[in-house]
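Visitor: here you go, sequence then predicted model.
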Amino acid sequence: MTSRRHFLKTTSLAAAALAAPKLALGEPAAANELRKQPNFVIILADDLGYGDITCFGSKRFKTPNVDAIAKAGLRMTDFHSNGAVCSPTRAALLTGRYQQRSGITGVVTAKSHRHTGLDQAEVTFAEVLKTAGYKTALFGKWHTGYAKEFNPTHQGFDEFRGYVSGNVDFHSHIDQEGHFDWWNGLKKEDDKGYTTDLITKYGCDFIRRHKDTPFCLYLPHEAPHYPLQGRNDPPQRSRKDGKDGQLVVDRDAVPKGAKAMRAYTEMIEVMDEGIGKVLETLRECKLENDTIVLFFSDNGPAHEGSSGGLKGRKGSINEGGHRVPACVQWPGKIKAGTESAETMMGADVLVTLADAGGAKLPAERKFDGVSLMDHWTTGKALAKRDLFWGVNKGIAIRSGKWKLIASGASAKKKASAKAVAKGVQLYDLSKDIGERKNVAAQNPTVVKALRVKLNAWMADVTKGVKKRS
Ligand SMILES: [Ca+2]
């Protein structure tokens, strides 16, 4: 083991790490004990449904490399994105807080939100890890702000290659409003190649360049988000006279019917192939046992994907909108071939990485996520807690087996138990994961109690926040 994987005893960071609770991953933290800092590879798929991965039941696609992560580690069956669409999920993942706190409650659109995004005052996992000596990079999709002031290089990422919009043509890298959107840090700079392959290439290269430094590599893939394009398919988007904002779509290049499904399949399988290359690079660099690799999706599936039998799809407040396939490996620390049905969320990632990496969280800041480290490495149950969602079509609370869904509009009303039960949906997910039988009328006390919590949450996370999407 090289010395770079240990805290220096003399630094204040090491002192802070030893003083903080739960930092030693279950090992006793003796005063002078040196501890390892694992690397992190966070792989996020875009619009990948709960049923779109072989190890989550897909019969349509072959995903041997994502499956290999689950096989080498832990498969999480009750993991959730915080949003049901791209930007809110990313805001929560980056900040470790409900996205309502940063005002990113909807999609940061290419058309209407070009001058807004995740405020620089927000603290991201990249910034937290940098305080503990990590090198950081993002290759792929940002989608939390277009203007340069919102660029990932201002949010703790040492390196950024990729796009800032919700999606680009996988070949021409033009967004859906006709803006060229491929960046090298703060500069627009084209890269020839298929988006998925470029993300993989830069990811593998970053690992090789940083094999002697603790690193956090964030790989938010574009796949399998539209436009539906395989590796050898033609570009669909160009710009009239090469001018930004002058979108031209080649309708003949947009696949339909069986061709659309062929492209969708290829998009998932090429992403999986790239994940295999990342895993192979970790092995080549002898970093496999020193690296936590986490994979999940940012929300439910769009048209072509499968929600795996869950109700709803991308954008929905139902499980199909936000329960996502997820798995994590850390050979030697997380037991291979295990499974967890604990309820977890994207906002847990920041606190988890800080915990594993020995980074101190800013004391004055409230984080909604919790560290999953003990649970992942020892199987210890997470402390009981409630999780919340707020999407365009409603707000929801998950409390143990119960999930209560209400419309956002009536959330602030005070009313009797009977009146509260009207217009809400209550599901017992232990019996009804498909959210088919609304049992609100039969459980007025549960409804009332959850509604009170939901209202309190909404008031807390939106207090004094400027909407930014
Ligand atoms: Ca998405």
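Guide: Sure, I can see it.
Visitor: so where's the longest helix in the chain?
Guide: helix 258-284 (DSSP state H).
Visitor: same question for it: list its buried residues.
Guide: For helix 258-284, the neighbour count (16 or more other C-beta atoms under 10 Å) marks 263-279, 281-282 as buried. Bear in mind the C-beta positions are built from the backbone N, C-alpha and C, glycine included.
Visitor: residue in the stretch 301-450 of the chain with the shortest distance to the ion?
Guide: K314 (6.5 Å; C-beta to the ion).
Visitor: ok, now which ones touch that residue?
Guide: D47, A84, V85, N299, G300, P301, A302, G321 (C-beta atoms under 8 Å, 6 or more residues apart in numbering).
Visitor: the ion next: which of those residues are close?
Guide: Taking C-beta under 5 Å from the ion as the test, the ion is in contact with D47, N299 out of those.
Visitor: pLDDT, secondary structure and neighbour count added to the contacts of K314, as a markdown table?
Guide: Listed next are the contacts of K314 as a markdown table, based on pLDDT from 0 to 100; DSSP: H, G, I helix; E, B strand; the rest coil; neighbours: other C-beta atoms under 10 Å:
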| residue | pLDDT | secondary structure | neighbour count |
| --- | --- | --- | --- |
| D47 | 98 | coil | 26 |
| A84 | 96 | coil | 28 |
| V85 | 96 | coil | 26 |
| N299 | 98 | coil | 31 |
| G300 | 98 | coil | 32 |
| P301 | 98 | coil | 25 |
| A302 | 96 | coil | 18 |
| G321 | 97 | helix | 29 |
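Visitor: for stretch 384-397, measure first residue to last.
Guide: Using C-alpha to C-alpha, to the nearest Å, the end-to-end distance of stretch 384-397 comes to 14 Å.
Visitor: same question, stretch 164-171
Guide: For stretch 164-171, the end-to-end distance is 16 Å (C-alpha to C-alpha).
Visitor: now that stretch: average pLDDT?
Guide: Summarised as a single mean, pLDDT over stretch 164-171 is 97.
Visitor: now do that stretch: everything it contacts.
Guide: By C-beta under 8 Å, 6+ apart, stretch 164-171 touches 46, 86-87, 107-110, 141-143, 145-146, 150-151, 174-177, 179, 181-183, 193-196, 222, 225-227, 229, 233-237.
Visitor: how about it and the ion, touching?
Guide: No: no part of stretch 164-171 sits near the ion under the criterion C-beta under 5 Å from the ion; the closest distance found is 7.6 Å.
Visitor: now do that stretch: distance to the chain's middle.
Guide: Computed by C-alpha atoms, centre = their mean, to the nearest Å, the chain-centroid distance of stretch 164-171 equals 17 Å.
Visitor: and what of stretch 294-304?
Guide: The answer for stretch 294-304 is 9 Å, by C-alpha atoms, centre = their mean.
Visitor: for stretch 207-221, same thing?
Guide: Computed by C-alpha atoms, centre = their mean, the chain-centroid distance of stretch 207-221 equals 17 Å.
Visitor: are that stretch and the ion in contact anywhere?
Guide: No: looking at stretch 207-221 against the ion by C-beta under 5 Å from the ion, there are no contacts, and the closest approach is 9.4 Å.
Visitor: restricting to C-alpha, output that stretch in PDB.
Guide: C-alpha atoms of stretch 207-221 as PDB (Å, rounded to 0.1, in the frame of the first residue of the first chain):
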ATOM      1  CA  ILE A 207      -8.100   7.000 -13.400                       C
ATOM      2  CA  ARG A 208      -4.800   6.200 -15.000                       C
ATOM      3  CA  ARG A 209      -3.500   9.800 -14.300                       C
ATOM      4  CA  HIS A 210      -4.600   9.700 -10.700                       C
ATOM      5  CA  LYS A 211      -3.700   6.200  -9.600                       C
ATOM      6  CA  ASP A 212      -1.400   7.700  -6.900                       C
ATOM      7  CA  THR A 213      -3.900  10.200  -5.500                       C
ATOM      8  CA  PRO A 214      -7.300   9.700  -3.900                       C
ATOM      9  CA  PHE A 215      -9.800  10.700  -6.500                       C
ATOM     10  CA  CYS A 216     -13.500  11.100  -7.000                       C
ATOM     11  CA  LEU A 217     -14.700  10.500 -10.600                       C
ATOM     12  CA  TYR A 218     -18.200  11.500 -11.400                       C
ATOM     13  CA  LEU A 219     -19.500   9.900 -14.700                       C
ATOM     14  CA  PRO A 220     -23.000  11.100 -15.400                       C
ATOM     15  CA  HIS A 221     -23.800   9.300 -18.700                       C
END
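Visitor: quick revisit: list the helices and strands the longest helix of the chain packs on?
Guide: Under the contact criterion of 3 or more C-beta pairs under 8 Å, 6 or more residues apart in numbering; DSSP states H and E, helix 258-284 touches strand 39-45, helix 64-72, helix 195-209, strand 291-297.
Visitor: and whichever helix or strand comes after the third one, which strands flank it?
Guide: Going back to what we said before, that points to helix 195-209. As assigned by DSSP states H and E, the chain's next helix or strand after helix 195-209 is strand 215-220. Strand 215-220 has the following strand partners under DSSP bridges: strand 39-45 (parallel), strand 135-141 (parallel).
Visitor: is the first one anywhere near the ion?
Guide: No: against the ion, strand 39-45 shows no contacts by C-beta under 5 Å from the ion, the least distance being 8.4 Å.
Visitor: what's that strand in contact with?
Guide: 90, 93, 129, 134, 140-141, 203, 207, 210, 214-221, 223-224, 271, 275, 278, 282, 287, 290-298, 325, 349, 353, 356-357.
Visitor: could you tell me the angle between it and strand 291-297?
Guide: Angle of strand 39-45 versus strand 291-297, following axes from the mean of the first three to the mean of the last three C-alpha atoms, to 10 degrees, is 10 degrees.
Visitor: could I get the strands paired with strand 215-220 as CSV with mean neighbour count and mean pLDDT?
Guide: Output for those, formatted as CSV (neighbours: other C-beta atoms under 10 Å; pLDDT from 0 to 100):
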stretch, mean neighbour count, mean pLDDT
strand 39-45, 25, 98
strand 135-141, 25, 98
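Visitor: and the residue lying closest to F79 once chain neighbours are set aside, how many residues sit next to it?
Guide: Excluding the flanking residues, the one nearest F79 by C-beta to C-beta, 6 or more residues apart in numbering is A326, at 3.6 Å. Applying other C-beta atoms under 10 Å, we find 28 residues neighbouring A326.
Visitor: tell me the bridge partners for A326.
Guide: The partner residues for A326, given DSSP bridges, come to M76, F296.
Visitor: what about it, distance to D190?
Guide: According to C-beta to C-beta, to the nearest Å, A326 and D190 sit 33 Å apart.
Visitor: phi first, then psi, for W330.
Guide: phi -160, psi 80 (degrees, to the nearest 10).
Visitor: relative to the whole chain's centre, how far out is the longest helix of the chain?
Guide: Its chain's C-alpha centre and that of helix 258-284 lie 18 Å apart, by C-alpha atoms, centre = their mean.
Visitor: could you do stretch 353-360 as well?
Guide: Using C-alpha atoms, centre = their mean, the offset of stretch 353-360 from its chain centre is 18 Å.
Visitor: start at 562 instead
Guide: Done: numbering now begins at 562, and the last item shifts to stretch 914-921.
Visitor: just the CA trace of it, in CSV.
Guide: Provided in CSV are the C-alpha atoms of stretch 914-921 (Å, rounded to 0.1, in the frame of the first residue of the first chain):
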residue,chain,number,x,y,z
LEU,A,914,-18.5,9.9,0.5
ALA,A,915,-17.4,12.4,3.1
ASP,A,916,-17.6,9.6,5.7
ALA,A,917,-15.6,7.1,3.7
GLY,A,918,-13.1,9.7,2.5
GLY,A,919,-12.5,11.3,5.9
ALA,A,920,-13.8,14.7,4.8
LYS,A,921,-15.3,17.0,7.4
